[in-house]
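Enquirer: What follows is a predicted structure for the sequence shown.
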Amino acid sequence: MSRGAAHPLRLISIFGALIALLLLTVLVSMLWIDHAGRLQAAQRQSMALATGSDRLLRAELTAVERILRGIAEDGRSFYLQRPEQAPTLLQANIHAVLGRNPDFATITPVDDGGRPLALGQGDEAMQQWTVPENRVLAGELYIGHVEHTPAGGTV
């Protein structure tokens, strides 16, 4: 090949290599931006799910606390108004609440020492786990220890 014909081929090869490098740079930057965008979207979705779960759990715990507070208030009024019938009335009230709320395994109202006020098993160790660290939502509801049910589940 003559020297004049080799020069344009070299120029075209260099120009082609530069265009290829430019396209490679653009492609890599687009992939990087896409990856970052997808990662941020996944983080936003994860945060939304966590926030929704937190709100749902708070709502459930608030409802549980409200139900248990209602039972306690009913029990107080039963013991003040009809002390001789109070255990029976309280147990009927608890039975009705358990019927409306299948998520509850059992409810046993206890006194400050953990002794049952109606049918059910008390908790003599209650003073040990009713501490501020176990308080839920800064209310009067405490999370106690895990117990095993006769059916093999846990509550």
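Expert: Yes, it's here.

Enquirer: Could you report the pLDDT at Arg3?
Expert: Predicted confidence (pLDDT) for Arg3: 58.

Enquirer: My error: substitute Gln81 in the last question.
Expert: 92.

Enquirer: Give me the neighbour count for it.
Expert: 10 (other Cβ atoms under 10 Å). Using the backbone N, CA and C atoms, a C-beta is placed for each residue, glycine as well.

Enquirer: packing partners for the top helix by length along the chain?
Expert: Ranked by residue count and defined by DSSP state H, the top helix of the chain is helix 3-81. Under the contact definition 3 or more Cβ pairs under 8 Å, 6 or more residues apart in numbering; DSSP states H and E, helix 3-81 sits against helix 86-100, strand 141-142.

Enquirer: Indicate which one of the ones you listed is closest to Arg55.
Expert: strand 141-142 (16.9 Å; Cβ to Cβ).

Enquirer: Report all helices and strands that the closest one contacts.
Expert: The elements that strand 141-142 packs onto, with contact taken as 3+ Cβ pairs under 8 Å, 6+ apart, are helix 3-81, strand 135-136.

Enquirer: These: which one's closest to Arg115?
Expert: helix 3-81 (13.5 Å).

Enquirer: would you turn the helices and strands packed on helix 3-81 into JSON lines with mean pLDDT and mean neighbour count?
Expert: Compiled in JSON lines, those are given as follows (pLDDT from 0 to 100; neighbours: other Cβ atoms under 10 Å):
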{"stretch": "helix 86-100", "mean pLDDT": "89", "mean neighbour count": "15"}
{"stretch": "strand 141-142", "mean pLDDT": "78", "mean neighbour count": "16"}
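
Enquirer: rewinding a little: mean pLDDT for the helices and strands packed on strand 141-142: which is lowest?
Expert: strand 135-136 (a mean of 79).

Enquirer: re the thing from before, out of the helices and strands packed on helix 3-81, flag the one nearest Arg58.
Expert: For the helices and strands packed on helix 3-81, the distance to Arg58 is smallest for strand 141-142, at 11.3 Å, taking Cβ to Cβ.

Enquirer: In the sheet, which strands lie alongside that closest one, parallel or antiparallel?
Expert: strand 135-136 (antiparallel) (DSSP bridges).

Enquirer: which residues sit against the partner strand?
Expert: With contact meaning Cβ atoms under 8 Å, 6 or more residues apart in numbering, strand 135-136 is reached by 61, 65, 141-143.
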